[in-house]
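only geometry, no sequence info:
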């Protein structure tokens, strides 16, 4: 019986190294944040933000894969990545990561200094704090939630050159969202992560205490997401109808969180994870549509 040979081209490897899909979702968040802050869209800044943002996230992912090349080789989900398989050497990956960092920072700096600063903070925390902490402590999820929450607010900062209550609110929404999202992934990948020496569950185990924390943080996310309806968050506010829709979407996540708590099953963890991806995508779209309805 002949072995099946999977062919990879360099473009596919670069997409894997920079996590193309994830990076695009981050760029989407940044664009949403930008659109929330402006009355007239400057497509040049939008393009710079998209390219610069992709470079920064791509660089973070490349650095992450360089650092985690040994555990990546152990896990089914990651063993076919370009570095563990040897399709891209560590030196080449490092050169790509450094180049993307420099290009990304330069592009973001041309928008304004604060955008570049937050981009730099994001890449530093992701590669120098979150990634090394993953094998050490479940607190890595908390640390990783900080750079993970920057993209939504980065768009606002790119548009205004200022950091205030509005981008702070966008940061908080994406910050609290990440806990149920990543704990659901940690639940699903628990055995694989354990094999690689990682533990992302808040209690170290898949148990009722962990699922209770998932419910609590989903409630925090829900409250923060509709907070702008009270019109005390500067120029960022929601119409009541939009807040109701967002609240309903959040209840779907909460429902799966409660079901996970009751059943302690991978099926509910998967449904929670998928509903969380849908949630963060839809609420960003709703926020933008709402802004243009005011």
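Nice, I can see it. Everything quoted here is computed from the prediction, not taken from an experiment. Residues are numbered from 1 along each chain as shown.

got a list of what the nearest residue to residue 129 once chain neighbours are set aside touches?
Closest residue to residue 129 apart from its sequence neighbours, by Cβ to Cβ, 6 or more residues apart in numbering: residue 143 at 4.9 Å. C-beta here means a position set from N, CA and C on the backbone, and glycine is covered the same way. By Cβ atoms under 8 Å, 6 or more residues apart in numbering, the contact list for residue 143 reads 125, 129, 130, 133.

where does residue 143 sit relative to residue 175, distance-wise?
Residue 143 sits 11 Å away from residue 175, going by Cβ to Cβ, to the nearest Å.

so what's in contact with those two at the same time?
Common neighbours of residue 143 and residue 175 (Cβ under 8 Å, 6+ apart) do not exist.

so where do the helices sit in the protein?
Here the chain has its helices, by DSSP state H, at 10-17, 20-37, 43-67, 69-74, 90-111, 113-125, 131-133, 140-160, 165-188, 190-196, 208-226, 240-263, 266-291.

Out of the ones you listed, flag the one nearest residue 80.
helix 10-17 (8.1 Å; Cβ to Cβ).

Show me what the closest one is packed up against.
On a contact count with 3 or more Cβ pairs under 8 Å, 6 or more residues apart in numbering; DSSP states H and E, helix 10-17 meets helix 43-67, helix 90-111.

what's the angle from that helix to helix 43-67?
Helix 10-17 runs at 80 degrees relative to helix 43-67, counting by axes from the mean of the first three to the mean of the last three Cα atoms, to 10 degrees.

Contacts made by helix 10-17 with the rest, please.
Contacts with helix 10-17, where a contact means Cβ under 8 Å, 6+ apart, come from 58, 61, 62, 65, 81, 82, 83, 87, 88, 93, 96.

how does it look with 10 Å?
Outside helix 10-17, the residues that touch it by Cβ atoms under 10 Å, 6 or more residues apart in numbering are 6, 8-9, 20-21, 23, 58-59, 61-62, 64-66, 78, 80-83, 85, 87-88, 92-93, 96-97, 100.

could you flag which of those residues are buried?
Buried by 16 or more other Cβ atoms under 10 Å: 20, 23, 58-59, 61-62, 64-66, 78, 81-83, 87-88, 93, 96-97, 100, out of those.

How confident was the prediction at residue 8?
We have a pLDDT of 65 for residue 8.

same thing with the one 4 residues further on?
At residue 12, the model reports a pLDDT of 89.

Could you report the neighbour count for the closest residue in space to residue 139 that isn't next to it in sequence?
Distances taken as Cβ to Cβ, 6+ apart place residue 133 nearest to residue 139, at 6.4 Å, with adjacent residues excluded. The local packing of residue 133 (other Cβ atoms under 10 Å) involves 16 other residues.
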